[in-house]
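Asks: below is the structure, and that's it, no one-letter string:
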């Protein structure tokens with residue numbers, strides 16, 4: 001047998017079992033049960049399909065136009081959860097030993113009962129509304145049974161962590177009188193608890209489930225249909241074609257492929273399996289160890305949840321909790337997400353340098369300059385596409401007036417047909433077999449054109465969000481409709497442009513793909529729906545008992561009021577809770593409990609923190625739980641492919657993810673990383689470049705290598721340089737005061753003078769419940785230009801002069817002002833403005849660059865005998 005055959009058979013032996021990978025994804029996302037009987041298969045097809053069609057109808061404008069099938073928010077949430085509960089008890093077995101091929105009779109009964117408890121709110125909503133706080137016996141039975149069924153559904157689909165947290169908070173609500181003084185409260189009666197948790201929108205059917213119903217489902221459905229269209233395979237192939245020939249190329253292709261797949265996927269486990277099945281064996285082939293190959297894929301896939309637009313469903317929750325638009329969340333999140341991926345490229349390049357790894361040979365030789373040019377052109381195309389939609393297409397509204405949407409739609413259709421005609425000239429992309437992977441890198445110019453038509457539904461989605469300024473749900477509806485049209489028509493059009501006689505067969509295949517995409521998207525939503533509903537138990541307990549105030553006192557007492565200790569405690573809490581909890585539920589729980597505490601501690605320390613920064617901080621650290629042992633699901637999925645130890649894979653992935661974990665600590669203190677306080681394009685470029693360089697230097701510190709292996713003092717110098725690049729304002733504040741005081745009486749005038757979308761830092765004073773005086777500094781978002789009182793009102797604050805002071809006379813419920821700790825009766829003490837006499841913080845970049853240059857010079861001199869991958873030898 002030839003050596004090539006031998007290598008092939010060896011590779012086949014170590015290739016992952018597709019059934020095992022499918023089982024891992026099913027257990028994490030869609031449900032491990034796949035019944036073989038006809039009735040079971042029909043139910044598992046038609047129920048998710050009905051759920052998807054209901055969500056499309058609810059998100060569409062047709063109910064209001066036709067005045068048929070109009071559901072209010074509570075009714076829609078009840079139907080949404082009823083579908084999810086039914087599918088949990090049928091698709092997720094009660095135990096590991098339970099049958100995967102048959103749904104037992106008791107699970108059918110449980111599924112119907114659980115769904116009925118949720119549907120009860122839909123059927124009897126008007127009656128329940130007429131007797132608020134006075135539940136009947138039937139209400140009590142339904143409320144208690146519904147919470148019990150929900151906890152069991154969470155256990156089946158999400159593991160034991162979230163049910164344990166939910167039970168703990170239920171016990172706290174009922175046993176308040178028997179707790180120690182600090183935690184004691186009056187306690188809740190069964191009637192009060194049933195009303196709070198199940199019969200109103202203060203608990204299970206609250207904000208989180210509302211976001212899942214209104215927004216998240218459509219975006220998950222969009223991603224599922226885009227995958228069915230072939231976009232996932234296309235992203236992987238393009239990434240491999242562009243980067244596979246570089247040093248450690250398959251690892252770099254894994255990073256790019258997982259990043260682009262993360263744009264349409266809300267699941268890190270599914271992302272690992274989708275891209276890792278292809279990239280992990282190739283990484284091992286070029287020389288990465290199984291542990292490092294799996295860890296790289298885990299890091300790349302988990303970071304996919306940081307990438308807008310989906311962000312693992314958290315983007316919509318953050319928008320709702322913070323009180324800003326979804327588009328603003330995307331703007332704030334984009335730079336940190338980009339930094340995580342660019343720095344991961346640097347990580348895998350360092351690992352390739354350490355082991356002296358090479359890339360794979362290319363089918364068509366190109367010069368390095370041509371390869372870089374192709375990469376730059378492709379990357380620039382996506383950037384220019386987004387910029388064109390956001391900035392360049394606004395003129396169509398002026399030109400076409402009310403017909404602008406029709407003009408944009410017809411233009412998109414023409415572009416789509418033209419791109420499919422161009423795509424038909426190229427052969428179809430095949431799905432790679434892990435047991436027979438290509439050993440050569442395909443030509444980018446042959447791979448890239450095969451998926452350009454996928455931009456059409458993305459264009460529709462971005463147009464609706466940015467130009468039409470529609471709601472995320474309605475924008476996702478139009479994007480999903482465009483995507484359904486694409487899946488139905490792409491194959492018949494390709495056959496038509498290729499001159500093939502049979503176009504009916506491709507049309508049937510497209511119809512099947514649409515149905516499969518709708519069903520898969522619905523089943524992918526089961527865990528998210530259950531997670532957001534179960535997290536509502538925690539939200540309801542906080543509102544019922546006032547435990548949030550107790551936690552504030554406890555955390556402040558433990559941390560001694562030190563903000564940094566408080567932030568590290570929060571990070572630990574997020575990662576511990578997230579060990580057995582999905583990212584979405586983890587975010588809801590910690591955002592409800594801990595985010596207000598961070599705001600309080602920061603404001604009492606005189607640090608004006610933007611609310612969106614706090615919520616992104618909580619989200620980022622909750623995400624780390626998908627990596628960290630012992631239950632990091634993404635690490636287990638990657639180790640199933642790489643055949644490595646899952647714990648070692650998780651530990652190595654966490655080492656790589658240290659660069660992601662440092663970002664939240666940075667943007668809490670430097671909001672410019674979230675594009676807050678960025679004055680113009682030049683300032684933006686400077687901030688992004690400095691942050692990127694700082695991130696690369698931090699990676700060099702964690703990997704202990706820059707140009708060559710770093711010595712202790714060189715590592716310290718690079719760490720100091722990274723800190724200066726990340727936090728220039730903190731260093732400049734040590735030299736001169738960064739703010740100046742303005743009179744409180746000028747607060748309205750100063751709000752009017754502030755630039756668009758600026759933040760205004762205000763110090764207020766008051767007296768707490770214990771009679772102690774306090775002062776806090778808050779940062780209010782001002783939004784669009786306008787009168788000062790109106791801009792403050794948009795943030796939820798109303799002030800007026802009273803007895804020689806400026807008093808807070810109104811704080812709007814659930815506004816940013818309320819969430820930042822402002823309350824009626826507080827006095828505005830002063831307004832904090834940037835000090836015009838202070839040198840720009842960006843001057844701190846110069847000593848940082850000097851330190852980097854010094855280290856580079858020291859390491860360059862010894863690079864010949866101290867490079868990774870080479871034997872150490874003394875110079876002659």
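Replies: In hand now; what should we look at? Predicted, not measured: the structure shown is a model, and the values here were computed from it.

Asks: confirm residue 800 sits in a helix?
Replies: No - the assignment for residue 800 is strand, going by DSSP: H, G, I helix; E, B strand; the rest coil, so no helix is present there.

Asks: residues in a beta bridge with it, which ones?
Replies: Here residue 800 sits in beta bridges with residue 807, going by DSSP bridges.

Asks: now do the contacts for it.
Replies: Under the criterion of C-beta atoms under 8 Å, 6 or more residues apart in numbering, the contact list for residue 800 reads 806, 807, 809. All C-beta spots, glycine's among them, are computed from the backbone N, C-alpha and C.

Asks: of those residues, buried ones?
Replies: 806, 807 (16 or more other C-beta atoms under 10 Å).

Asks: all strands for the stretch 51-200 of the chain, in order.
Replies: With DSSP state E, counting those that start in this stretch as the criterion, the stretch 51-200 of the chain has no strands.

Asks: next one: the chain
Replies: The residue ranges that make up the strands of the chain, judged by DSSP state E, are 739-743, 759-767, 773-781, 797-802, 805-811, 827-834.

Asks: which one of the ones you listed lies closest to residue 47?
Replies: strand 773-781 (42.5 Å; C-beta to C-beta).

Asks: can you point me to the longest helix in the protein?
Replies: The helix spanning the most residues in the chain, taking DSSP state H as the definition, is helix 326-355.

Asks: in contact with residue 789, which residues?
Replies: In this structure, residue 789 makes contact with 748, 751, 798, judged by C-beta under 8 Å, 6+ apart.

Asks: let's see the pLDDT reported for the first one.
Replies: Right, residue 748. We note a pLDDT of 89 for residue 748 in this prediction.

Asks: could you report the neighbour count for it?
Replies: Each residue near residue 748 was counted by other C-beta atoms under 10 Å, and the total is 18.

Asks: since we're on the residue nearest to it when sequence neighbours are not counted, how many residues are nearby?
Replies: Spatial nearest neighbour of residue 748, excluding adjacent residues (C-beta to C-beta, 6 or more residues apart in numbering): residue 788 at 3.9 Å. Residues near residue 788, counting by other C-beta under 10 Å, number 19.

Asks: quick check: residue 788 touching residue 749?
Replies: Yes - using C-beta atoms under 8 Å, residue 788 makes contact with residue 749 at a distance of 5.8 Å.

Asks: quick one: the closest residue to residue 609 other than its chain neighbours and residue 763, what's the gap?
Replies: Take residue 609 and drop its neighbours on the chain: the residue closest to it by C-beta to C-beta, 6+ apart is residue 602, 4.2 Å away. Note on residue 602: its distance to residue 763, by C-beta to C-beta, to the nearest Å, is 13 Å.

Asks: ok, residue 504 next?
Replies: Separation of residue 504 from residue 763 (C-beta to C-beta): 71 Å.

Asks: which one of the two is surrounded by more residues?
Replies: Neighbours around residue 504 and residue 763, counted as other C-beta under 10 Å, are more numerous at residue 763. The numbers are 19 against 10.

Asks: which one of the contacts of residue 800 is nearest residue 459?
Replies: Sorting those by distance to residue 459 puts residue 809 at the head of the list, at 46.8 Å, by C-beta to C-beta.

Asks: tell me who's in contact with the closest one.
Replies: Under the criterion of C-beta under 8 Å, 6+ apart, the contact list for residue 809 reads 798, 799, 800, 802, 824.

Asks: scan those residues and report the most crowded one.
Replies: residue 799 (26 neighbours).

Asks: hang on, that residue packs against residue 749?
Replies: No - if you go by C-beta under 8 Å, residue 799 and residue 749 don't touch, sitting 11.8 Å apart.

Asks: next, count neighbours for residue 780.
Replies: When neighbours are defined as other C-beta under 10 Å, residue 780 has 27 of them.

Asks: pairing partners for it in the sheet, please.
Replies: residue 760.

Asks: any idea how far residue 195 is from residue 189?
Replies: From residue 195 across to residue 189, the span is 10 Å (C-beta to C-beta).

Asks: looking at those two, which is more packed in?
Replies: For residue 195 versus residue 189, neighbours defined as other C-beta under 10 Å are more numerous around residue 195 (25 against 11).

Asks: quick one: residues contacting the more buried one.
Replies: Applying C-beta under 8 Å, 6+ apart, the residues contacting residue 195 are 132, 133, 135, 139, 143.

Asks: hmm, the fourth one is touching residue 125, no?
Replies: No - checked against C-beta under 8 Å, the pair residue 139 and residue 125 is beyond contact range at 11.8 Å.

Asks: who has more neighbours out of the two?
Replies: Comparing residue 139 with residue 125 by neighbour count (other C-beta under 10 Å), the higher total belongs to residue 139, at 21 against 15.

Asks: what about residue 69, how many neighbours?
Replies: With other C-beta under 10 Å as criterion, residue 69 counts 12.

Asks: can you give me the offset of stretch 406-421 from its chain's centre?
Replies: 31 Å (C-alpha atoms, centre = their mean, to the nearest Å).

Asks: for it, buried residues please.
Replies: Buried-residue list, stretch 406-421, by 16+ other C-beta under 10 Å: 408, 412, 416, 419, 420.

Asks: closest one of those residues to residue 714?
Replies: When those are compared for distance to residue 714 (C-beta to C-beta), residue 419 wins out at 50.4 Å.

Asks: which residue is the nearest non-sequential neighbour of that closest one?
Replies: Among residues not flanking residue 419 along the chain, residue 453 sits closest, at 4.2 Å (C-beta to C-beta, 6+ apart).
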